[in-house]
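A.B. asks: this one's sequence-less:
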């Protein structure tokens, strides 16, 4: 069963196109992940990769974030960039996180992880091989809604 992605309603004039979202999420390096725990919201920065369909996170399995997501798979993720007002741009993803592969990840063959691990190794370590430390595991974030903004487009609206 595939879930239909909800369309962005507000700010459509400054929204990124799907190609711009893909390029932005491919280039940026740090996201902010928000989970819901028994004591309320919890937000943390993480590295990530985007495969054009899902956001992939590698998380410590002994973290509050991991414990939160094992109780409640709902997740919010923001990736943003820019310093000055007319440079601000970003993507917000809401959806669910699912564990993929072994927990913790030790490097056993997992066809579903070949692409995200290769993307991650190239993006952050400059090679094709992922190093497994036995403390992290993979989460695939399946978006239910993607909202984007690019304030650089405001100059075109004047």
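C.D. replies: In hand now; what should we look at? None of these values were measured; they are calculated from a predicted model.
A.B. asks: Now do the buried residues in the longest helix seen in the chain.
C.D. replies: For the chain, the helix with the greatest residue count under DSSP state H is helix 114-125. By neighbour count on 16 or more other CB atoms under 10 Å, the buried set for helix 114-125 is 116-117, 119-121, 123. (C-beta placed from N, C-alpha, C; glycine too.)
A.B. asks: What is the biggest strand by length in the chain packed up against?
C.D. replies: With secondary structure taken from DSSP state E, the chain has its longest strand at strand 136-150. Helices and strands touching strand 136-150, by 3 or more CB pairs under 8 Å, 6 or more residues apart in numbering; DSSP states H and E, are helix 18-27, strand 55-60, strand 89-100, helix 114-125.
A.B. asks: other SSEs contacting the second one?
C.D. replies: Looking back up the chat, that one is strand 55-60. On the basis of 3+ CB pairs under 8 Å, 6+ apart, strand 55-60 makes packing contacts with strand 30-37, strand 40-50, helix 64-71, helix 114-125, strand 136-150.
A.B. asks: Between the ones you listed, which one is closest to residue 20.
C.D. replies: Nearest to residue 20 among the helices and strands packed on strand 55-60 is strand 136-150; the distance by CB to CB comes to 6.9 Å.
A.B. asks: What separation do you get for the spatially most central residue of the chain and residue 28?
C.D. replies: Centroid-nearest residue in the chain: residue 55, 3.9 Å away (criterion: CA atoms, centre = their mean). According to CB to CB, to the nearest Å, residue 55 and residue 28 sit 11 Å apart.
A.B. asks: what's the answer for residue 93, then?
C.D. replies: Residue 93 sits at a distance of 12 Å from residue 28 (criterion: CB to CB).
A.B. asks: Residue 136: which of the helices and strands packed on strand 136-150 is closest?
C.D. replies: When the helices and strands packed on strand 136-150 are compared by CB to CB, strand 55-60 sits nearest residue 136, at 4.7 Å.
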